[in-house]
Structure formats: structure tokens, C-alpha cells
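Undergrad: next comes the sequence, and after it the predicted model I'd like to discuss.
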Amino acid sequence: MVARIIDGKVIAAKLRARVADEVTRVQREDQLTPGLAMILVGNDPASEVYVRSKHKQTRAAGMASFEHVLPADVAQCELLMLIAGLNRDPLVHGILVQLPLPKSLDTEKVIAAIDPAKDVDGLHPHNAGRLAGGLPALSPCTPLGCIILTKSVHASLEGMDAIVIGRSNLVGRPLVQMLLNENATVTITHSRSCNLPQLCASADLVYAAVGKQEMVRGDGIKKGSTVIDVGINRLPGADGEIRLVGDVAYHEALNVAGAITPVPGGVGQMTVACLLVNTLRAACTIHGLSAPKV
Ligand code: GUN
């Protein structure tokens, strides 16, 4: 049996189209244009690509997009002042600081400076705490995308055994909370876990988010399981082109899993689509409007 391929490209395009429809509606009914401000510090090539893509897709959805590019040696107080200005700006409903930041900057302080109501990355302790408490919150985009992709296969995740490999603040930890909110039984594993192979082999849902190329092998997963690959590892190909490889050995897992996301074309596509959803939601909440139907 060959696994069903979960097409993140198609699912993300449908989500972006629903966001665009709702943006048109709030513009017409409420004279509101949701706005997203993105801050890029330095010139990390991967971050530049991500920010360009976020900017383009924000505009395509009919929202306002404000890009702020700062040099890698920017002073922390200057970055904090920019964030304070965006917090006050009525045209800005979402603020995203692209990570990772240069080592000279204190990521924790920078994230804490964002108004939680505009924290469309869901990384502010206010939103992370609310998510952990099972309360409505702006939630990180990549795990949100993982849940949507899983639900394209399983209408309900209730009672399913899920394993999350990786405990980053951006993906692993919030994903665990979202799976708990879906009533899944969740095991969180990481680089120090001793019995990862056994845990992985019995899981119905596998989320690989460690950043280690093809770490999850085909013989390490349960037959018929749903595999969501969050890894985006950049490898130089023989022709000098960069090749993207996930955390799962895709061609091996394809013959064992029931459903699987490809890399590229899986989770990566969903992150930006969910950022648009969060920006629309933040704009509606700030303006006291009912939640958008996306
Ligand atoms: N870098 C990689 N993924 C992300 C993300 O989802 N948000 C931010 N801010 N930075 C990232």
C-alpha cells in the first residue's frame, strides 16, 4: 500500500482563498483592511526568502503588508522602539519578527515587547500560556498548519496516539498543546529521549520537527500511521542547487504510512497561510468584530 500524499500546496491555497474572501468582506462591511508588519534583522538567505514569500502572500490576500529590514548589528533598543511604534500603529494588526535573530539580540525580550493582541506568531508568553491553559489564543502558525493537515485525513483526533519529535517553542511545544486540545494522547520526545524508536513505532500520528534530515525511517513508524514532516533541511545538490529534505525518509515512509506530507509541498506551505489567518483574526478581535469564517 502506498500512502495518501497530503497536498499542503492545495490545502494552503484553499485556506488563502478563504482568507482573501473574508478580507474582502471585512473591507466592504467594516471598512477594515488587516495589516501585517514584518521585521527582518540581518540578511540570512533563508529568512529573506521566507519574509519575501510572506509579504507577497499577504498582499495577494488583500491585506496591507509593511516590511521593515534592519541591519544585523542593529541596537536592541532600536528594534524595541520599532516594535513599540508598530504596537501603537492602528494600520498594523499583526507583528512578526522573523527568527532566528542575530545572537547579539535577546529574542525573549524582543518577543515580549510585541503587543499580545498583535502577536500573530503566537510566541508571546501571554499567548503561549493561554494555549497551554486551553484558552482561545493566537497560536503559532506551523503547528496550526500541522493540525489542519492532520484533519484533512482524520475528522477527529480524539483518543489517537500522537508523537511529537522536537520541543521547540516555535513548533514542538505549541503542537503538543494543540493536540491535547484535540483530545489526542500526546507523547513529546526530543534529542535526549531514550526510547524514541519504540514510541514512534506505536503512534497513530507522527510529527517530526527536529531539523535532522531523514531521521525518521520507514521501518520506524506504524503501518497506516499519519506522518507530518515539519523538517526543512537544506542540502546542496550535485548541481549546486539547494535541495530541501524533510526529517522523514519520505520514500521509505511512503510504503508504510497511511498518509504523509511531502517536503517541499507539505507543512511549509501551511505556515504562511496560517499567518494570514492569524492576522485576519487579530484584526477582527482588535476591532471588536466576530471571528472570521476561515
Ligand atoms: N522562522 C522560521 N519559522 C518562523 C515562524 O513561524 N515565525 C517566525 N517569526 N520566524 C520563523
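TA: Ah, there it is.
Undergrad: okay, CA-based contacts and neighbour counts for the rest of this
TA: Noted.
Undergrad: show me where the stretch 151-294 of the chain has strands.
TA: 161-165, 185-189, 205-208, 226-229, 233-236, 242-245, 259-260 (DSSP state E, counting those that start in this stretch).
Undergrad: what about the nearest residue to Thr285 once chain neighbours are set aside, neighbour count?
TA: Leaving aside its chain neighbours, Thr285 sits nearest to Ala291 (7.1 Å; criterion: CA to CA, 6 or more residues apart in numbering). Ala291 has 12 neighbours, counted by other CA atoms under 10 Å.
Undergrad: doesn't Ala283 make contact with Ala291?
TA: No - Ala291 is beyond contact range of Ala283, at 9.6 Å (criterion: CA atoms under 8 Å).
Undergrad: get me the contact residues on the stretch 51-200 of the chain for the ligand.
TA: Residues of the stretch 51-200 of the chain lying near the ligand by CA under 6 Å from any ligand atom: 96-99, 121, 141-142.
Undergrad: hmm, back to that, nearest to Ile83, out of the strands of the stretch 151-294 of the chain?
TA: strand 233-236 (30.5 Å; CA to CA).
Undergrad: packing partners of the closest one?
TA: Under the contact definition 3 or more CA pairs under 8 Å, 6 or more residues apart in numbering; DSSP states H and E, strand 233-236 sits against strand 242-245.
Undergrad: what does the strand it packs on contact?
TA: 213-214, 231-237, 263-264 (CA atoms under 8 Å, 6 or more residues apart in numbering).
Undergrad: pLDDT on that strand, on average?
TA: Across strand 242-245, the average pLDDT comes to 92.
Undergrad: re the thing from before, how about the contacts of strand 242-245, which pair is most distant?
TA: Maximum pairwise distance in the contacts of strand 242-245, criterion CA to CA, is 17.3 Å, between Gly231 and Gly237.
Undergrad: more crowded one of these two?
TA: When Gly231 and Gly237 are compared on other CA under 10 Å, the one with more neighbours turns out to be Gly231, at 25 against 10.
Undergrad: who are the contact partners of that one?
TA: Contact analysis of Gly231 by CA under 8 Å, 6+ apart lists 208-213, 245-248, 263.
Undergrad: quick one: which of those is most hemmed in?
TA: Val248 (30 neighbours).
Undergrad: make sure it is actually in contact with Asp219.
TA: No - counting by CA under 8 Å, Val248 stays clear of Asp219, with 11.1 Å between them.
Undergrad: pLDDT-wise, what's the bottom of the contacts of strand 242-245?
TA: Among those, pLDDT bottoms out at Gly237, giving 84.
Undergrad: now that one: how far from the ligand?
TA: Distance check for Gly237 against the ligand: by CA to the nearest ligand atom, to the nearest Å, it reads 22 Å.
Undergrad: show me the contacts for that residue.
TA: Residues near Gly237 by CA under 8 Å, 6+ apart: Arg243.
Undergrad: next one: phi and psi at it?
TA: Gly237 adopts backbone torsions of phi -80, psi 170, taken as degrees, to the nearest 10.
Undergrad: now do the one 10 residues further on
TA: In this entry, Asp247 is assigned phi and psi values of phi -90, psi 0 (degrees, to the nearest 10).
Undergrad: and what of Ser65?
TA: Torsion angles at Ser65 (phi, psi; degrees, to the nearest 10) stand at phi -130, psi 130.
Undergrad: use 133 as the first number for this chain going forward.
TA: Happy to do that; since the first residue is 133 now, the last one works out to Ser197.
Undergrad: dig out what Val296 forms beta bridges with.
TA: Here Val296 sits in beta bridges with Ile320, Tyr339, going by DSSP bridges.
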